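1. Sequence first, then the predicted structure, then my questions.
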Amino acid sequence: MLQYAHDISEVNELTKKALIIEDDSNITELLRLYLEKDGFTVAMAGNGAAGVSEFESFEPDIVLLDIMLPVMDGWGVCREIRAVSNVPIIMLTAKGETLDKVMGLEMGADDYLVKPFEVGELIARVHAVMRRIDTAGSSDSKRLVFDNLVIDMDSFELLVCDKRVEAPPKEMELLFHLASSPNRVYTRNQLLDEVWGFDYFGDSRTVDVHIKRLREKLENVSDKWSLKTVWGVGYKFEMLDGR
């Protein structure tokens with residue numbers, strides 16, 4: 001059982017570490033070369049079980065995770081990591097089916113990339129994820145308190161009814177963004193631009209998946225606020241007590 005609970009707020013730009021969990025040695029070597037050139041220290045694993053073990057000992061700042069792995073597949077690896085850590089995960093898959101993409105996001109992945117892909121595009125996505133984390137970690141205090149809910153972006157902690165609930169970075173950022181402007185309605189495209197960034201390559205389904213996951217964690221928590229869908233428009237964090 002993993003005991004490692006990585007605090008992404010402590011990511012140091014000068015000591016970035018990337019873990020590649022991929023059974024294709026050619027892809028692994030190519031990614032290693034590009035990431036090391038970009039300033040990362042890189043660890044590699046060729047199967048899922050080895051990837052989980054390497055994750056525990058290496059304590060990476062980002063994970064590049066293939067889905068089709070021997071011993072333990074990418075879904076299992078993602079589940080193991082998410083049980084103890086909110087470190088960013090970019091999933092790599094040879095399948096372009098929507099179901100695979102949605103399943104990856106629902107399990108807590110921050111992004112996905114379909115093979116074959118340009119290494120430059122993958123590095124751009126890595127940069128986007130790391131930039132969002134660095135920005136969150138270096139900004140002024142970011143802590144919102146509501147009835148039975150605390151969103152703390154300094155420590156990347158989500159407290160629900162005084163209990164810590166695990167949430168990947170992107171879920172935290174999305175919830176914080178919505179809750180920072182209660183009752184304001186955001187379109188899906190606005191959320192993609194403002195939370196994921198202009199350099200994000202996904203589509204609006206990404207927002208829907210993250211909202212669904214947040215609702216599962218916040219269901220029946222309070223009668224004073226709600227994560228609400230505004231049909232035909234988007235989403236808002238609605239205050240229900242007149243504030």
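-> That came through fine. Because the structure is a prediction, the values reported are computed rather than measured.
2. how far away is E194 from R79?
-> 29 Å (Cβ to Cβ, to the nearest Å). In this view, the C-beta of every residue, glycine as well, is placed from N, C-alpha and C.
3. Please apply the same query to E59.
-> 19 Å.
4. Ok, K228 next?
-> Applying Cβ to Cβ to K228 and R79 gives a distance of 29 Å.
5. between those two, who's got more neighbours?
-> K228 (17 against 14; other Cβ atoms under 10 Å).
6. In three-state terms, label that one for me.
-> State at K228, reduced to three classes by DSSP: H, G, I helix; E, B strand; the rest coil: strand.
7. Thought L240 was touching it, still the case?
-> No: contact criterion Cβ atoms under 8 Å: K228 and L240 do not qualify, at 9.3 Å.
8. Can you tell me which helix or strand of the protein has the lowest average pLDDT?
-> helix 98-106 (a mean of 67; mean pLDDT, DSSP states H and E).
9. got the buried residues for the helix or strand just after that one?
-> Beyond helix 98-106 in the direction of the C-terminus, DSSP states H and E gives the next helix or strand as strand 111-114. By 16 or more other Cβ atoms under 10 Å, the buried positions in strand 111-114 come out as 111-113.
10. What pairs with strand 111-114, parallel or antiparallel?
-> strand 89-93 (parallel) (DSSP bridges).
11. tell me the mean pLDDT over the strand it pairs with?
-> Across strand 89-93, pLDDT averages out at 89.
12. what's next to it, contact-wise?
-> Residues outside strand 89-93 that contact it (Cβ atoms under 8 Å, 6 or more residues apart in numbering) are 22, 27, 62-68, 74, 78, 81-82, 100-101, 104, 108-115, 117, 122, 125-126, 129, 168.
13. Buried by neighbour count, from those: which ones?
-> Looking at the contacts of strand 89-93 with 16+ other Cβ under 10 Å, the buried ones turn out to be 22, 27, 62-67, 74, 78, 81-82, 100-101, 104, 108-113, 122, 125-126, 129, 168.
14. quick one: the strands in the chain?
-> For the chain, the strands defined by DSSP state E cover 17-21, 41-45, 62-66, 89-93, 111-114, 143-146, 149-152, 157-160, 163-165, 186-187, 225-230, 234-239.
15. Surely V160 touches L218?
-> Yes: V160 is within contact range of L218, at 6.7 Å (criterion: Cβ under 8 Å).
16. Next, show the common contact partners of these two.
-> By Cβ under 8 Å, 6+ apart, the residues touching both V160 and L218 are L149.
17. Tell me which residue is most central in the chain.
-> D110 (3.2 Å; Cα atoms, centre = their mean).
18. wait, what's in contact with that one?
-> 88-90, 129, 168-170.
19. Mind putting the residues you listed into CSV with distance to E54?
-> Output for those, formatted as CSV (distance: Cβ to Cβ, whole Å):
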residue, distance to E54
P88, 16
I89, 14
I90, 16
V129, 19
P168, 20
P169, 21
K170, 23
